[in-house]
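1. After the sequence you'll find the predicted model.
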Amino acid sequence: MPKIVDHAARRQELAAAVGRVIARAGVAEVSIRSVAAESGWSSGALRHYFATRGELLAFACEQVIDQVTERITARPRQADPRADIRSILLETMPVDEPRRAEATIAFSFLALGLGDPELARVHKLQFTRMYELCLNLSSGDETGARRLHALVDGLSVHVLAGHLTPAEMTAGLDDYLAELTF
């Protein structure tokens, strides 16, 4: 009897391997070969799913977008609007190692997308989803959404660059949220 392969699960396994390579060595080290080694696959088997490094990276970023969206959707709502917004935003920010890896993948697409239309498409998707989240959290106030988005992105980049600790980033978010009226 032929072996039944769950292709969706295998693609997710490869996306997880991309995340581990990025977390350990940075996005520059992601290649078909490095991800194949990380996943225990051959390069040829991996190429059956992703023909290029760009396809592999794009899929990994789309998986991050989906994971963050699922976490936000699944979390319980809080009665205090400020606490609820804080909880939602911290799901998107590098407060721990798994979210740091996700943020690293997402922000890598800013630079990578400058020279690759497929990666630019994924970066635009990530940017649009984050803006829409901020717009929703700002009750449709476009100026407030842009400010919130810029704050979250800026604080996250500062953590990824080593200029802030996750605790300092969280304190900055808390300071901003304390200024809002609900």
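-> Perfect, thanks for sending it.
2. how about low-confidence regions in this protein?
-> Low-confidence segments of the chain (pLDDT under 70): 1-3, 182.
3. all helices of it, in order?
-> 7-25, 32-39, 43-47, 53-74, 81-90, 97-112, 117-137, 142-160, 166-179 (DSSP state H).
4. okay, those in JSON lines with mean neighbour count next?
-> Heads up, the C-betas are built off the backbone N, CA and C, glycines and all. Output for the helices of the chain, formatted as JSON lines (neighbours: other C-beta atoms under 10 Å):
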{"stretch": "helix 7-25", "mean neighbour count": "17"}
{"stretch": "helix 32-39", "mean neighbour count": "18"}
{"stretch": "helix 43-47", "mean neighbour count": "14"}
{"stretch": "helix 53-74", "mean neighbour count": "18"}
{"stretch": "helix 81-90", "mean neighbour count": "17"}
{"stretch": "helix 97-112", "mean neighbour count": "19"}
{"stretch": "helix 117-137", "mean neighbour count": "17"}
{"stretch": "helix 142-160", "mean neighbour count": "17"}
{"stretch": "helix 166-179", "mean neighbour count": "14"}
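5. what's the closest residue to E55 other than its chain neighbours in contact with, if anything?
-> Using C-beta to C-beta, 6 or more residues apart in numbering and skipping residues adjacent in sequence, the residue nearest E55 is E118, 7.1 Å away. The contact partners of E118, by C-beta atoms under 8 Å, 6 or more residues apart in numbering, come to 54-55, 58.
6. okay if I get those residues as TSV plus distance to L180?
-> Rendered in TSV, the data for the contacts of E118 read as follows (distance: C-beta to C-beta, whole Å):
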residue	distance to L180
G54	40
E55	41
A58	35
